Every structure is written in structure tokens, then in C-alpha cells.
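Participant: All I have is the shape, not the residue letters:
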């Protein structure tokens, strides 16, 4: 069964880079609708943008989608991860600006909003993208790979010179509520030098350490309250990958490996996968497979408590 929300979930905050206030409303949608964004502040042009891998355009700091009319929405990865992790297959996301609100820098506000509304089962079969053979892309020492697996699995490695981050690695089977329990509360992170450089270039104007990002400086965590997890950075990278993979157009049945990978490389991986018709197949999920997909059976008690 496909799922949609029982009622609309509303989120208000500021864009991470623009610092401008924005209102986002995730509305229920009919079966087989998929995930679409609608810019309600746009007149005279097509305001609808499909949340699909082939709508992504290059952006160094986030995932950005744009339609043929040039209308775009950026920083969509966290809300996409929450939709995937809560098993929401169909939704219309209305937004009154070009950037999704950063909120606390994780996906947990979206997850809480979705689970508070609850889901409705729809009389339509869930279709998933089954990986049939290994596909890999790289950029310097960064690697992203998809391999055959029965369920979505994510294995991520990061390595930073900052001692407070260092080398981190984590693997998860994303069946059922693993995303909600293990990843959804992990916040975006950066180094203090990066913050200063971005703000000097008119970016990260809505970023506040401790409020919506974890900031590191060498061996120090500058954000008040410290970390939510000792390995919060690698968990957030896995969260980002979850959201970027949902742009495949449905759940992915495969194992994703990211080594120093980012948004652009994950999108390049999806483009490489779909360019090879022998590397994937769209499948209809039976009850046994559906029962193990991300988000199936998750409830509000699975959401980590946030201090």
C-alpha cells in the first residue's frame, strides 16, 4: 500500500543560506502522485517541480531542483529524507520561497510533523527501484556506490582533519523505523572557517550554531549543548543520502556506500544508474517487501528525545 498524510503539516522557519522566512506546507496527495514541490509565490510560470533526480541542478552546498521554466527550490534533502523515512509516497509540498526552511538542521521537525498528522493507506501498490548490478561514481577521493541488496542499506565514511570530527563510519539497514530512531535528529555540520567564508559570500545567513547547525573548530564543538550523537556528522551524511536517494522516484532496494560523498555525487550516481537499463528494474513490492521498507510501522515513540 502507498501512503499519504491524513492532513497537511505546516513548517515555518528561515532558509539556511538566505536567512529569509519561509512557510512550507506538506499536503496529502492522491495515489501515484509522487512527491512534487509547488512555489506558491510564483505567478506567470510553471510553479510545479517534480522531486526527481533528473530535476536536480548543480549546487555545491545542498540539493536543488529546477523545472524547465527556471523555477527552483533548494535545500530539499532533509524534508525528502523525512518523507522517505516515514513512508510517505505521495505529497504536494507548497512553499512560498526558493529555499526549504532549515529548522533545527536535521529532519526531526519534519518527522514529528508527519507522525503527528498520521498516514492514510492508499489502494495502490508501492513501486521500488531494485538495483541489479553495482554502479559506482567518483570525484577525486570521494566515492558513491550502489550494489544489489534486498532492502535499503547505507554505509557511509567521512574523514576530516578537525579532531572533533576525524574519521567516522556507520552502516545501517534502513528497514522499518531505523531512519527515525537512528538518523533523523542528526544536524547539518560545518567548520567555523567554512561559516566565515560562506557568510563573507552572502551565504549561511540563516545559520545559528546550536540552533540549526553543529559548528566545529579543530578539536572543539562550538555549538551550545554539544552533540546529539558522538558520531552525529556521519549520521547526518547518511540522512542527506537518504533524502537524495528518494529522488529516484520511490524507495531504493540496494546498498548505498558513500565515502566522503556529497549531494552532487549521489545525484551523479542516480544518473549513472538510470542511464544503464540493465542496472535497475522497477518492481512492485509484495507485502513482505513493503513490511521492511523505511518508515513502515514507525510511530511517534520512535522519535529520539531532543534536549
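Facilitator: Thanks, I have the structure now. Note that this is a predicted model, so its numbers are computed, not measured. Numbering: from 1, shown residues only.
Participant: What ranges does the chain have for its helices?
Facilitator: For the chain, the helices defined by DSSP state H occupy 77-85, 108-117, 178, 192-200, 232-245, 263-275, 287-290.
Participant: got a markdown table for those helices, with mean neighbour count too?
Facilitator: Where you see a C-beta, it was placed from the backbone N, CA and C, and this is true even at glycine. Conversion of those to a markdown table gives the following (neighbours: other CB atoms under 10 Å):
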| stretch | mean neighbour count |
| --- | --- |
| helix 77-85 | 28 |
| helix 108-117 | 22 |
| helix 178 | 21 |
| helix 192-200 | 14 |
| helix 232-245 | 26 |
| helix 263-275 | 20 |
| helix 287-290 | 12 |
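Participant: Disregarding residues adjacent in the polypeptide, which is nearest to residue 55?
Facilitator: residue 65 (4.2 Å; CB to CB, 6 or more residues apart in numbering).
Participant: Residue 175 contacts residue 295, doesn't it?
Facilitator: No: at 9.6 Å, residue 175 does not count as touching residue 295 under the criterion of CB atoms under 8 Å.
Participant: With neighbour numbers in mind, choose between those two.
Facilitator: Ranked by neighbour count (other CB atoms under 10 Å), residue 175 and residue 295 place residue 295 first, with 27 against 18.
Participant: which residues sit in contact with the more buried one?
Facilitator: 84, 85, 86, 87, 88, 176, 177, 179, 180 (CB atoms under 8 Å, 6 or more residues apart in numbering).
Participant: Repeat the analysis, applying 7 Å as the threshold.
Facilitator: With contact set as CB atoms under 7 Å, 6 or more residues apart in numbering, residue 295 has these partners: 84, 85, 86, 87, 177, 179.
Participant: what are the ranges of the strands in the stretch 201-307 of the chain?
Facilitator: 214-217, 220-221, 252-253, 255-259, 280-284 (DSSP state E, counting those that start in this stretch).
Participant: so what strands line up beside the third one?
Facilitator: Pairing partners of strand 252-253, with direction, according to DSSP bridges: strand 127-131 (parallel).
Participant: and the partner strand, what's its mean pLDDT?
Facilitator: Mean pLDDT, computed over strand 127-131, is 98.
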